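Peer 1: Any chance you can model this:
(chains A and B)
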Amino acid sequence: MTLKLNKEIYPVKAVQKAVSFYKQVANFKLKNSQNYILVSAAIDKNNEELVKNEFLNFVLGVIRQ
Amino acid sequence: MKKITFLLNSKITSLEAIYSTCYSFIDKFYIYLDKNKDNFVVALQLKEGEKASQTAVEGEFRNELLNNLLREKIAKNNAKLREYILGQALYSSTPSEIEEFLSKTGENYVEDPLGIAIPWEEKTKSKSKTKKKAKSK
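Peer 2: As a prediction, this is how the structure comes out:
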């Protein structure tokens, strides 16, 4: 699973916090590109879409807090 | 349900208002945000088991966004007033000059030695009773 999160929208701290909460689900890795934060994780294909979507919502929730 | 993707002009809308709007849609939808040159890109995907009309979703989102933008504007306009009210509340919770003076002199206004807190009616009643008693004697 790879996610591209725009830095202007998703603050790095919020993404890091979300990753720390999702530690038990999968081993997430963060990479910095020019405008995006690249989030990657090894998740089995059956759950990939669900985890990806839930993670995105979770980050938005963290930002709102 | 397919993904619904639409654009929001970044010159008109604020990111804070978009966050607030997304937060109110988070229980029914999976939300992904992005930004291109002049627009925010919003992608909504309905969660399993939830029902919503595909055409209505975008409209509802935009309405909620307007609502949040208005709230933001009102909050900005009332910021000084809110600060003033909060300042007053904090100021009134600090001990006043009178209380400081009383603590120095050791007097206590609760004791009321001059009977200032006694209502006027009670005072006059007690006086009229004593006068009546004196007259009857």
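Peer 1: if I look at residue B:71, how far off is residue B:24?
Peer 2: Residue B:71 is 12 Å from residue B:24, where distance means C-beta to C-beta, to the nearest Å. Where C-beta positions appear, they are placed from N, C-alpha and C, glycine not excepted.
Peer 1: what does residue B:2 give?
Peer 2: Going from residue B:2 to residue B:24 by C-beta to C-beta gives 22 Å.
Peer 1: can you check residue B:87 too?
Peer 2: 32 Å.
Peer 1: what about these two, which has more around it?
Peer 2: For residue B:87 versus residue B:24, the count of surrounding residues by other C-beta atoms under 10 Å in any protein chain shown is larger for residue B:24: 15 against 10.
Peer 1: Tell me if I'm right that that one and residue B:64 touch.
Peer 2: Yes: Residue B:24 sits in contact with residue B:64 when judged by C-beta atoms under 8 Å, with a separation of 5.9 Å.
Peer 1: Partner strands of the helix or strand that residue B:40 is a member of, with direction?
Peer 2: Taking DSSP states H and E as the definition, residue B:40 sits inside strand B:39-46. Strand B:39-46 has the following sheet partners, assigned by DSSP bridges: strand B:4-9 (antiparallel), strand B:29-35 (antiparallel).
Peer 1: which residues touch the closest residue to chain A within chain B?
Peer 2: Sorted by distance to chain A under C-beta to the nearest C-beta, the residues of chain B start with residue B:30, at 3.7 Å. When the contact criterion is C-beta atoms under 8 Å, 6 or more residues apart in numbering or on different chains, the partners of residue B:30 are A:53, A:54, A:56, A:57, B:44, B:45, B:46, B:47.
Peer 1: quick revisit: including mean pLDDT, could the strands paired with strand B:39-46 go into a markdown table?
Peer 2: Below are the strands paired with strand B:39-46 laid out as a markdown table (pLDDT from 0 to 100):
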| stretch | mean pLDDT |
| --- | --- |
| strand B:4-9 | 93 |
| strand B:29-35 | 95 |
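Peer 1: okay, now the closest residue to residue B:2 other than its chain neighbours: neighbour count?
Peer 2: The shortest distance from residue B:2 to any residue other than its chain neighbours is 7.2 Å, reached at residue B:54 (C-beta to C-beta, 6 or more residues apart in numbering or on different chains). Burial of residue B:54, expressed as a neighbour count using other C-beta under 10 Å, amounts to 11.
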